[in-house]
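Enquirer: Below: sequence and its predicted model.
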Amino acid sequence: DGGITQSPKYLFRKEGQNVTLSCEQNLNHDAMYWYRQDPGQGLRLIYYSQIVNDFQKGDIAEGYSVSREKKESFPLTVTSAQKNPTAFYLCASSTWRGEHVSGGENTEAFFGQGTRLTVV
Amino acid sequence: AQSVAQPEDQVNVAEGNPLTVKCTYSVSGNPYLFWYVQYPNRGLQFLLKYITGDNLVKGSYGFEAEFNKSQTSFHLKKPSALVSDSALYFCAVRARDSGNTPLVFGKGTRLSVIA
């Protein structure tokens, strides 16, 4: 069945180590997003990609990197430069049918189940 | 720039009573508006959206929301709360002419329904 899958669910990182969070979708969505969630701060955008082989920085991109080599995949690397990486990371995807198509509407974003990253 | 405000960090309501979770937004032009719900250690689940047309939008699990353009609000409502509605609720906005740009989220409101 269709959906968006994040793995692993829990991840532990040692100080100074890079780790990569996986995000895969089989919804045929063009756009994919990474958000970080901290208690009381809502969701903050890290990176997003509207099309394969292209991505843009979000509000808190420092210390993170991404790639978009395939439409289905948008992995996030948390580098050692990210000083406070402990958080809940959420991946999402969406598509856009266009303003003039069949009543035209942006679809809602679909979210994965999240990865909880903890620095040990 | 787009923004969303959820003025209440926490809303408490007795089971069976009506509930309201408030949301106001700021966007250039016309908005697309969304409500999501999050249960502990899970991703966000879509509840409902306003695209165009009727200002009262009905969504999943008996929730509804009313778009008020003059007040730039999109409050989430339910006539009779259930204990199982207890969760974290997020309002989000995207400008209508912005294509596939990311949703901008509020900070969330924790709803607690007391039996």
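Expert: Everything's here; your move.
Enquirer: Which parts of chain A are strands?
Expert: Per DSSP state E, chain A carries strands over the ranges A:4-7, A:10-13, A:19-25, A:31-38, A:42-51, A:54-57, A:64-66, A:76-78, A:87-94, A:110-111, A:115-119.
Enquirer: Throw those strands into CSV and include mean pLDDT, thanks.
Expert: Shown next, in CSV, are the strands of chain A (pLDDT from 0 to 100):
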stretch, mean pLDDT
strand A:4-7, 96
strand A:10-13, 93
strand A:19-25, 97
strand A:31-38, 95
strand A:42-51, 94
strand A:54-57, 96
strand A:64-66, 97
strand A:76-78, 97
strand A:87-94, 95
strand A:110-111, 94
strand A:115-119, 94
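Enquirer: Switch these over to TSV; also include distance to chain B and mean neighbour count.
Expert: (C-beta placed from N, C-alpha, C; glycine too.) Formatted as TSV, the strands of chain A follow (distance: least, C-beta to the nearest C-beta, whole Å; neighbours: other C-beta atoms under 10 Å in any protein chain shown):
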stretch	distance to chain B	mean neighbour count
strand A:4-7	8	18
strand A:10-13	9	14
strand A:19-25	11	19
strand A:31-38	4	24
strand A:42-51	4	21
strand A:54-57	9	14
strand A:64-66	13	20
strand A:76-78	14	21
strand A:87-94	6	24
strand A:110-111	4	22
strand A:115-119	7	17
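Enquirer: got TSV for those strands, with distance to residue B:77 too?
Expert: Shown next, in TSV, are the strands of chain A (distance: least, C-beta to C-beta, whole Å):
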stretch	distance to residue B:77
strand A:4-7	28
strand A:10-13	36
strand A:19-25	31
strand A:31-38	25
strand A:42-51	21
strand A:54-57	35
strand A:64-66	37
strand A:76-78	35
strand A:87-94	25
strand A:110-111	23
strand A:115-119	32
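Enquirer: Provide the backbone phi and psi angles at residue 18.
Expert: You didn't pick a chain, so chain A it is. Backbone geometry at residue A:18, expressed as degrees, to the nearest 10, gives phi -90, psi 140.
Enquirer: Leaving out chain neighbours, which residue sits closest to it?
Expert: Spatial nearest neighbour of residue A:18, excluding adjacent residues (C-beta to C-beta, 6 or more residues apart in numbering or on different chains): residue A:79 at 5.1 Å.
Enquirer: Tell me how many other residues crowd that neighbour.
Expert: For residue A:79, the count of nearby residues is 15 (other C-beta atoms under 10 Å in any protein chain shown).
Enquirer: and if you look at residue A:28?
Expert: Residues lying near residue A:28 (other C-beta under 10 Å) number 10.
Enquirer: same check, this time on residue B:95
Expert: Using other C-beta under 10 Å, residue B:95 has 17 other residues around it.
Enquirer: Check residue B:3 too.
Expert: Quick note: residue B:3 (other C-beta under 10 Å) scores 12 neighbours.
Enquirer: Show me where chain B has its helices.
Expert: Shown for chain B, no helices are assigned by DSSP state H.
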